[in-house]
Structures are given as C-alpha cells and as structure tokens.
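Asker: have a look at this prediction, sequence included:
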Amino acid sequence: MSDAPRPFSRATLFVLFSACCFGSISTFVTLAITSGARLVDVLAWRYAGAALLLAAASGGAAIRAPGRRAWAMVVLLGGGQAAIAFVSLSALRYIPVATLTFLFYTYPAWVAAIAAVRRTEPLTTRRTAALVLSLTGIAVMVGTPGSGGLHPIGVLLALSSALLYAVYIPLIDRLGRGIPPSVTSTYAAGGAGIVLIVVALAQGGLAVRFAPLGWFAVFMLAVVCTVLAFLAFLRGLSEIGPVRTAIISTVEPFWTALLGNVVLGQSLGPRTLAGGVLIAAAVIVLQLGHRASAAPIEASA
C-alpha cells in the first residue's frame, strides 16, 4: 500500500506550518510595540482572544473536559507558556538577540536527551544526524556566541527557557492525549492569558487603546500565531512525537528572518540562507528515514 508514508508527511507539514506561525510572533510583536503598545498587554490580549476562539472552535468540548485534567492544563500548560515567554524575554536584558536565539534553539537537543534518558523515544543515528544538521543551521544563521563578554545570568536564562520548552513539549503531548487539539489549546491559551492579565493589572492595568496597527498585530498573534499554530502543532506532535517535532520546528528562526526581511525590511544575508538549507536538510533526513522504515511494511502488505 503506497499510502503508508502519508501520515508522517502530513504530520511534518502540520509541524512546519505551526513553526512558520510561531516564527511570525516576533514580527507581529515588533509591529505592535512600534505602534505604542506594551508587550505584556499585547501578549495578554493575544492569549485571551485566542482562548475564546479556540473554545468556540472546540464546539463546547472544552467545557466537557475532565475537571482534574482541565486544571492541570490551565496551570501547567498555561503557566508554562507564560513562564517560557517571561524567562526568554528576561534574557534580552543581558545578552543580544542572536545569542538568545542560538541558546534557545538548543531545545531539540534537550528534548532528544530527555526522551533518550526516559527511553520514550530512541536516539537513532538518523535522528542524531538530523539534530546536528538543525543545530548547525541555527549556528550558521545567527552566529555562535562569542567566547567573551557574555553575561552569565543571560546565558542561564536563555538555557533555562530552552530547557523549560523541552519539558513543555512532552508535557503538552502527554496531557493532550485522547483530547482534541482545540481543547488542549484552549486551556493552554486560557491559562497563559490569565497569568498575563494578572501581570498587566499589577503593572498598572490592561491597556485597550491601541493604534490600528497594534490591534492588527494582536489579531494576527491571536489567530495565526496562537490558534492556527497550536492546532497544527498538536496535530503533528500527536503523530510524530516530541523529538521529531522539536527538530522540524527549528525552521522557525529561518522563517522569522524571511518574514522580517519582507515586513520589517531587515537584512537577509547568505548566512541566513545557508542556515535555512541545513535546517531543511534535517527535515528531509527525518522524512527519508521514515519512508525507508515504511518500505518493508508496504512490501509485506
């Protein structure tokens, strides 16, 4: 049956699409900030609006989710989203964006290491090769951190956010099993929205007076970077697992660079293009590996 490899191909496309959606966050946040909005207000409205849209998309299923599971998703998934954003953004006070990007995108290595230690997913030769390609692509794209002048607190915060995200991916996979992606996404976005609204209120109130560009950015953040991103990410994650999902998701910074070039006019140099080629090669290695392993199944069928 020649259709055997299709589920992985479909799941790969879901993860790639979600990576592009997540990779658009910094561009839309930049547009919102330049219009005069505060970061905490932008993020609070993003998650609050996304939670309402996701609840509507679930068709009421979110309300019928098991009570204990629902609270776990609100606290762990929502709190995790807020914590990752807070920790990573805090690192920017000490280290430049390029260094933060490089350190944060070590999270696929953390995901693979955790899965190997827990023996939930084997670290095969092909996955290791794909992981090396993707991390090399990130290093080529943003440049490896210099040997001197890096603030240890900034490095610690950046690596902590990567480790938090590495733990978050299998956590959302486990808590979301047997539940539609729209339900899991509703509770994750809702929990993050609650946390960020509380933070905004503590900092003087939740702002509602944005320029039209600011509200457009918030709309895109809620719909594209949260609703569509979460649904596609969880759909792909449920089919290919945390390790492959993490490796494929390293296309995010490449997409961010492309979008920044088009929307914000930021330069797109040869290093960015070379890094993107290496990341694409990592995705291809994973895809070819699945097709090779699926071939005997097809022949036996």
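Answerer: That came through fine.

Asker: what about the stretch 1-150 of the chain, any weak spots by pLDDT?
Answerer: When residues are selected by pLDDT under 70, those of the stretch 1-150 of the chain lie in 1-8, 60-67, 92, 96-102, 121, 123, 141-150.

Asker: run through the helices of it in chain order.
Answerer: 6-23, 25-34, 39-57, 67-72, 79-91, 97-104, 107-118, 125-142 (DSSP state H, counting those that start in this stretch).

Asker: state the helix or strand in which the nearest residue to R46 once chain neighbours are set aside lies.
Answerer: Spatial nearest neighbour of R46, chain neighbours left out: L221 (4.1 Å); criterion: Cβ to Cβ, 6 or more residues apart in numbering. From N, CA and C alone the C-beta is placed, and that goes for glycine too. In this assignment (DSSP states H and E), L221 forms part of helix 212-222.

Asker: got the angle for whichever helix or strand comes after that helix vs helix 79-91?
Answerer: Counting by DSSP H and E, the element after helix 212-222 in chain order, helix or strand, is helix 229-248. Orientation check (axes from the mean of the first three to the mean of the last three Cα atoms, to 10 degrees): helix 229-248 against helix 79-91 gives 60 degrees.

Asker: after helix 229-248, heading C-terminal, what element do we hit next?
Answerer: From helix 229-248, the next helix or strand downstream (DSSP H and E) is helix 252-259.

Asker: for that following helix, packing partners?
Answerer: helix 6-23, helix 25-34, helix 125-142, helix 270-300 (3 or more Cβ pairs under 8 Å, 6 or more residues apart in numbering; DSSP states H and E).

Asker: give the buried residues for the first one.
Answerer: Pointing back at helix 6-23 there. In terms of neighbour count (16 or more other Cβ atoms under 10 Å), helix 6-23 has its buried residues at 8, 11-12, 14-23.

Asker: in CSV, could you pull the C-alpha coordinates for it?
Answerer: Output in CSV follows, covering the C-alpha atoms of helix 6-23 (Å, rounded to 0.1, in the frame of the first residue of the first chain):
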residue,chain,number,x,y,z
ARG,A,6,1.5,9.8,4.1
PRO,A,7,0.6,10.2,7.8
PHE,A,8,4.2,11.3,8.6
SER,A,9,4.3,13.6,5.6
ARG,A,10,1.0,15.2,6.7
ALA,A,11,2.3,15.5,10.3
THR,A,12,5.5,17.0,9.0
LEU,A,13,3.5,19.6,7.1
PHE,A,14,1.5,20.4,10.2
VAL,A,15,4.6,21.0,12.3
LEU,A,16,6.2,23.1,9.5
PHE,A,17,3.1,25.2,9.3
SER,A,18,3.0,25.7,13.0
ALA,A,19,6.7,26.6,13.0
CYS,A,20,6.0,29.3,10.5
CYS,A,21,3.1,30.6,12.6
PHE,A,22,5.2,30.6,15.8
GLY,A,23,8.1,32.1,13.8
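
Asker: with distance to T250 added, can I get the helices of the stretch 1-150 of the chain in CSV?
Answerer: Compiled in CSV, the helices of the stretch 1-150 of the chain are given as follows (distance: least, Cβ to Cβ, whole Å):
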stretch, distance to T250
helix 6-23, 8
helix 25-34, 15
helix 39-57, 23
helix 67-72, 28
helix 79-91, 16
helix 97-104, 11
helix 107-118, 6
helix 125-142, 4
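
Asker: closest to V263 out of the ones you listed?
Answerer: V263 lies closest to helix 25-34 among those, at 5.3 Å (Cβ to Cβ).

Asker: could I get the contacting residues of the spatially closest residue to L43 that is not a sequence neighbour?
Answerer: Of all residues not flanking L43 in the chain, L196 sits nearest, at 5.1 Å (Cβ to Cβ, 6+ apart). By Cβ atoms under 8 Å, 6 or more residues apart in numbering, the residues touching L196 are 40, 43-44, 47, 82.
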